[in-house]
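A.B. asks: Structure for the following, please:
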Amino acid sequence: MNLNDIQNRLQLQTIELLRRTHEHERTVRLHREEVGSLRRLLAHTATRQREQLESLKESMKLEQKSEMKRYKEGFLRRATTELRGGLDQADVKIKEYSSEMERLQQKLRASETDKYKARAELRKAKEMRTATMNTARDARRELATVHEKNEELFNCCKVLYRQLGDSKALPALPDVGSAPVPALEWLSYAERAYTLADAAVGQENTTRSDRESARKTARGSEASTRCPPSSREGLLQSQLKRATQKLEEMKRTAIIILKSRSTIEQYLHEALANCRSEKAAAAGSAAAAVRRIKARTMGEISKGEGGGGSERATNGDSNGLPLEDASSQTVGAAHTETFLTGAVDNDYSEDENEAPVVQSNGPARAVPPLLLDGVDRGPTCGMDELAAALERAQLGEEVDLDVSQLSWESKEHILRMIFRRINSDPMAAINNRERARLRAQLASLGTAVV
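C.D. replies: From the prediction side, this is the model:
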């Protein structure tokens with residue numbers, strides 16, 4: 001074999017190998033395509049099975065829902081039927097109750113109508129009774145008037161008969177029963193009789209008093225009953241009424257002012273007591289001893305002078321209280337002298353329905369009275385004396401202060417201090433109404449209100 005044959009054989013083998021390789025590749029490609037198609041088929045089958053499962057679930061849900069719906073509808077139908085039956089029965093009962101209520105209301109209206117009718121009949125009966133009583137009273141009054149006029153006419157006729165003489169006969173009276181208007185005829189004849197009586201009395205030589213008595217006998221009762229009161233009398237009555245009302249108002253205002261002044265004096269006592277208690281703790285016993293010695297000395301002096309006032313000065317103060325017990329009495333109980341002037345009636349109230357003011361800050365404090373011995377009783381006690389007295393009180397000394405001798409400037413200063421305490425003390429005994437009244441009264445007196 002030569003080389004060409006070998007090359008040809010190798011080429012043929014190579015070609016065969018390439019052909020087999022191509023066939024193998026084609027077979028592999030076909031297998032791959034078949035595997036892909038199988039995978040796609042499997043995926044499609046799985047998708048369809050999943051869809052069928054979902055559709056089956058949906059159908060089962062729909063069937064369950066429809067079954068539940070049918071059950072609910074049946075249950076609701078039965079319940080609705082039962083409720084309708086109950087409602088029908090309730091409607092029947094309601095109609096029965098309504099008819100019964102209507103019947104009762106008709107009975108009530110009938111009874112109300114009967115009651116109103118009975119009331120109207122009773123009212124009419126009362127009105128008729130009242131009218132009858134009024135008519136009877138008027139008739140009795142008219143009858144009494146007629147009797148009085150008859151008596152007056154008889155007296156006038158007697159006077160006329162006496163004046164004219166026995167020979168002249170009395171004029172004949174008209175027939176009252178047959179007259180068309182008997183009252184007018186009677187009154188006209190009475191007036192004629194009065195005129196004749198006056199003329200007969202005037203012709204005689206009688207005194208003025210006799211003529212006046214005759215006129216009063218003839219016309220006094222009619223003039224006194226028919227003459228209305230004059231305008232001057234009505235004016236005087238209205239003026240008297242207004243003056244009485246003004247007097248009552250002034251009295252109430254004065255009592256309110258006195259109550260306010262008493263309250264201010266109590267606050268002044270409390271302020272002085274607080275000033276004394278701050279600085280007089282150590283000097284309290286000494287001051288008490290000095291007061292007792294002073295009281296004994298004054299008692300001995302008053303005993304030496306003699307008279308009715310000595311026993312009073314020995315036993316106590318100007319109000320008849322012991323000097324040691326005077327400091328424990330209140331202003332309203334022991335002393336009737338107020339902050340400015342006058343006494344206060346604590347039982348008075350401007351309004352009768354208004355309850356008395358009750359202090360809610362515990363028991364009433366013991367307020368010491370104003371000691372009036374050893375006081376500068378000059379006409380004025382100004383700010384300097386007041387400041388000196390306050391300084392001595394702060395130092396613990398016993399200060400005797402005559403409130404009635406204070407000047408208006410000192411009183412205004414004390415009022416400012418009191419109002420500051422009132423405004424700063426929420427538990428004060430004066431409420432807003434009394435404070436407003438106090439401010440108004442002080443403003444009316446010309447005092448500056450703080």
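A.B. asks: And for R50, the neighbour number?
C.D. replies: Per other C-beta atoms under 10 Å, the neighbour tally for R50 reads 10. For the C-beta atoms, the positions are set from N, CA and C on the backbone; glycine is no exception.
A.B. asks: so what secondary structure elements neighbour the helix or strand encompassing it?
C.D. replies: The secondary structure element spanning R50 is helix 3-164 (assigned by DSSP states H and E). Secondary structure elements in contact with helix 3-164, counted by 3 or more C-beta pairs under 8 Å, 6 or more residues apart in numbering; DSSP states H and E, are helix 182-203, helix 208-226.
A.B. asks: For it, give the mean pLDDT please.
C.D. replies: Averaging pLDDT along helix 3-164 gives 85.
A.B. asks: any idea which of the helices and strands packed on helix 3-164 scores lowest on pLDDT?
C.D. replies: helix 182-203 - the lowest mean pLDDT of those, at a mean of 43.
A.B. asks: hang on, isn't I414 packed against L390?
C.D. replies: No - using C-beta atoms under 8 Å as the test, I414 is too far from L390 to be in contact (9.9 Å).
A.B. asks: More neighbours: which of the two?
C.D. replies: Of the pair I414 and L390, I414 is the one with more neighbours under other C-beta under 10 Å, namely 21 against 18.
A.B. asks: Would you quantify the distance from that one to R78?
C.D. replies: 94 Å (C-beta to C-beta, to the nearest Å).
A.B. asks: Check S410 too.
C.D. replies: Taking C-beta to C-beta, one finds S410 at 100 Å from R78.
A.B. asks: Compare the two (neighbour count), which wins?
C.D. replies: Neighbour count, other C-beta under 10 Å: between S410 and R78, S410 has more, with 21 against 10.
A.B. asks: element containing that one?
C.D. replies: With DSSP H and E as criterion, S410 is part of helix 408-424.
A.B. asks: what's next to stretch 26-44, contact-wise?
C.D. replies: The contact list for stretch 26-44, computed with C-beta atoms under 8 Å, 6 or more residues apart in numbering, is empty.
A.B. asks: which of the residues in that stretch are buried?
C.D. replies: Residues of stretch 26-44 classed as buried by neighbour count (16 or more other C-beta atoms under 10 Å): none.
A.B. asks: CA atoms of it as PDB?
C.D. replies: Output of stretch 26-44 as PDB, limited to C-alpha atoms (Å, rounded to 0.1, in the frame of the first residue of the first chain):
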ATOM      1  CA  ARG A  26     -27.900  15.900  16.100                       C
ATOM      2  CA  THR A  27     -29.100  13.100  18.400                       C
ATOM      3  CA  VAL A  28     -28.000  15.000  21.500                       C
ATOM      4  CA  ARG A  29     -29.800  18.100  20.100                       C
ATOM      5  CA  LEU A  30     -32.900  16.000  19.500                       C
ATOM      6  CA  HIS A  31     -32.700  14.600  23.000                       C
ATOM      7  CA  ARG A  32     -32.300  18.000  24.400                       C
ATOM      8  CA  GLU A  33     -35.200  19.400  22.500                       C
ATOM      9  CA  GLU A  34     -37.300  16.400  23.700                       C
ATOM     10  CA  VAL A  35     -36.200  17.000  27.300                       C
ATOM     11  CA  GLY A  36     -37.200  20.700  26.900                       C
ATOM     12  CA  SER A  37     -40.500  19.800  25.400                       C
ATOM     13  CA  LEU A  38     -41.100  17.300  28.200                       C
ATOM     14  CA  ARG A  39     -40.200  19.900  30.800                       C
ATOM     15  CA  ARG A  40     -42.600  22.400  29.100                       C
ATOM     16  CA  LEU A  41     -45.200  19.700  29.100                       C
ATOM     17  CA  LEU A  42     -44.600  19.000  32.700                       C
ATOM     18  CA  ALA A  43     -44.800  22.600  33.600                       C
ATOM     19  CA  HIS A  44     -48.000  23.100  31.600                       C
END
